[in-house]
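A.B. asks: Any chance you could fold what I've pasted below:
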Amino acid sequence: MRCVISLTPDPEFQKTEVKINLNYNHSLLAVILSFIKEVDTSLAEKLHSSTGFKFYTFSRLFAKNGKIISSHLVLSPENSYVKFYVSSPDKKIIETLMKGAASLLQVKLGNGIFYPNFISILEDVEITEMEKMKLLSPLVLSKPVEKNGKLLHKYLSPFDKEFFQRFSENLKRKYEAFYGRPPKGEVKIIPDWDYINNKKRISKLVKIKDSYVRGYLFPFLIEGDRELIKFGYNAGFGEKTGMGFGFAEVIK
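C.D. replies: Residues are numbered from 1 along each chain as shown. Here you go, the predicted model:
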């Protein structure tokens with residue numbers, strides 16, 4: 001289940017340009033949780049504090065009349081907005097989010113005060129055994145490596161052989177954790193190598209609090225078990241979906 005939310009600078013409070021640091025994942029998550037908390041405090045706390053897999057994801061911000069200046073997304077206080085998408089296989093999360101966004105009058109993002117001006121559930125997309133998708137937030141996959149006696153994460157790119165195995169394993173484990181049973185089939189992805197080879201850079205380095213996460217943006221073909229594909233479409237692909245990574249949409 002998916003929804004889209006649009007936020008507009010509140011003219012009663014916002015008289016100057018709005019500046020949102022491009023490393024806004026944590027701030028945008030706080031906005032999402034504030035909407036949920038408005039309706040269901042226990043659900044918001046559960047999503048915030050739970051460890052392990054997070055069964056939701058959200059996209060990057062898309063802006064009207066916005067521009068990138070240095071390390072910030074800058075918006076005019078008038079005639080501008082940002083929108084983002086949220087997705088989850090758990091309908092309760094999306095329904096609670098929508099109710100909260102409809103009732104909460106203001107949220108803070110960057111140095112701006114916004115109000116939700118458009119909230120909508122998106123029409124379900126029929127998922128088949130083969131779909132072409134594009135990422136609206138970076139896909140993150142990693143493997144543990146030891147360095148100087150410390151266990152670190154090495155972020156993987158589509159050029160790493162382990163990338164594809166990690167993609168499939170992560171999705172299957174996440175599916176089993178959600179449904180309490182393993183999936184019946186497998187999936188595999190085929191990156192759009194023409195896009196990747198023609199693009200100067202597909203990696204995105206995002207700062208989350210005091211650490212950095214590297215993800216990748218590229219179109220891909222995914223094929224295999226339809227239910228597993230659908231689950232990934234709703235829950236997000238890869239790691240750290242709860243921080244806004246791995247949100248993909250179908251290309252029709």
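A.B. asks: list the buried ones in stretch 52-66?
C.D. replies: For stretch 52-66, the neighbour count (16 or more other CB atoms under 10 Å) marks 53-61, 63, 66 as buried. From N, CA and C alone the C-beta is placed, and that goes for glycine too.
A.B. asks: Which one of the residues you listed is nearest to residue 93?
C.D. replies: residue 56 (5.4 Å; CB to CB).
A.B. asks: Which SSE is immediately downstream of the strand ranked longest in the chain?
C.D. replies: In the chain, taking DSSP state E as the definition, the longest strand is strand 112-121. Following strand 112-121 in sequence order, the next helix or strand is strand 130-135 (DSSP states H and E).
A.B. asks: What pairs with that following strand, parallel or antiparallel?
C.D. replies: The strands beside strand 130-135 in its sheet (DSSP bridges) come out as strand 220-224 (antiparallel), strand 248-250 (antiparallel).
A.B. asks: Name the residues of it that are buried.
C.D. replies: Within strand 130-135, the residues that count as buried by 16+ other CB under 10 Å are 131, 133, 135.
A.B. asks: Not counting sequence-adjacent ones, nearest residue to residue 134?
C.D. replies: Distance criterion CB to CB, 6 or more residues apart in numbering; nearest residue to residue 134, sequence neighbours excluded, is residue 219 at 4.4 Å.
A.B. asks: From the chain's centroid, how far away is stretch 199-208?
C.D. replies: With CA atoms, centre = their mean, to the nearest Å as the basis, stretch 199-208 stands 14 Å off its chain's centre.
A.B. asks: average pLDDT for it?
C.D. replies: Across stretch 199-208, the average pLDDT comes to 94.
A.B. asks: what does stretch 97-108 give?
C.D. replies: 93.
A.B. asks: Per the annotation, how does this protein divide into domains?
C.D. replies: Using automatic domain parsing, the domains assigned to the chain come out as 2-121, 130-250.
A.B. asks: Name all residues that make contact with the closest residue in space to residue 192 that isn't next to it in sequence.
C.D. replies: Distance criterion CB to CB, 6+ apart; nearest residue to residue 192, sequence neighbours excluded, is residue 219 at 4.1 Å. Counting by CB atoms under 8 Å, 6 or more residues apart in numbering, residue 219 touches 132-135, 191-192, 195, 251.
A.B. asks: Which of those residues sits closest to residue 18?
C.D. replies: Comparing the contacts of residue 219 against residue 18 with CB to CB places residue 135 closest, at 25.6 Å.
A.B. asks: sorry, back to before: of the buried residues of stretch 52-66, which belong to strands?
C.D. replies: Reading strands off these with DSSP E, I get 57-58, 63, 66.
A.B. asks: helices or strands up against the helix ranked longest in the chain?
C.D. replies: In the chain, taking DSSP state H as the definition, the longest helix is helix 162-179. Under the contact criterion of 3 or more CB pairs under 8 Å, 6 or more residues apart in numbering; DSSP states H and E, helix 162-179 touches strand 142-147, strand 187-191, helix 226-235.
A.B. asks: got the buried residues for that helix?
C.D. replies: Neighbour-count burial for helix 162-179 flags 163-164, 166-168, 170-172, 174-175, 178 (criterion: 16+ other CB under 10 Å).
A.B. asks: same deal with stretch 221-236?
C.D. replies: Neighbour-count burial for stretch 221-236 [16+ other CB under 10 Å]: 222-236.
A.B. asks: That one - what's its average pLDDT?
C.D. replies: Taken as a whole, stretch 221-236 has a mean pLDDT of 98.
A.B. asks: do the same with stretch 9-22
C.D. replies: Rounded mean pLDDT across stretch 9-22 is 89.
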